[in-house]
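Chemist: can't give you the sequence, but here's the structure:
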């Protein structure tokens, strides 16, 4: 798939077909996502992959608000996280600048974007869900306290074709000097 077409065709899908996502595809997607740059090549992003139907159901019904519970039916659930207090900090544990752990989140975001694009290239669709109960996810998936949960990525085969939303004009978002 041509890259520009890939970028423009990726959509947030909120309805998934009842078709399992194979572990091998998830591994391929994560390997592609790992190619993203990271602060000092620390690679602190983590993936908690909920693939079994029983575990997906348990996570969906206990860790999400009702709207995300509904939007992720039949999807694999990929909880993304990063190691806290690592990237963006000096050897004494002090933040390099005002962003602090924001750099870990930044690295995770770049990796998640590659995840979304690779999934689309492989014929899968995604939804980034930021509204979730992090404490319940942490307990359900045994996520350590020294990791910050970023998002949950619904991953599956679309059962809808969302339209491309209008994008803001370049003059509204960019200044050129």
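Modeler: Here it is on my side, so go on. All figures in this text were calculated on a predicted structure; none of them were measured in a lab. Numbers count the residues shown, from 1 in each chain.
Chemist: quick one: least confident helix or strand in this structure?
Modeler: Ranked by mean pLDDT, DSSP states H and E, the weakest helix or strand in the chain is helix 3-9, scoring a mean of 94.
Chemist: which other helices and strands contact it?
Modeler: When contacts are defined as 3 or more Cβ pairs under 8 Å, 6 or more residues apart in numbering; DSSP states H and E, helix 3-9 packs onto helix 102-121. C-beta coordinates here come from the backbone N, C-alpha and C atoms, glycine included.
Chemist: list the buried residues in the helix it packs on.
Modeler: By 16 or more other Cβ atoms under 10 Å, the buried positions in helix 102-121 come out as 103-109, 111-112, 114-121.
Chemist: buried sites along stretch 13-23?
Modeler: 13-16, 21.
Chemist: correction: the previous question concerned stretch 77-88.
Modeler: Buried residues in stretch 77-88, defined by neighbour count with 16+ other Cβ under 10 Å: 77-84, 86-88.
Chemist: then stretch 64-77?
Modeler: Residues of stretch 64-77 classed as buried under the neighbour-count rule (16+ other Cβ under 10 Å) are 64, 68-69, 71-77.
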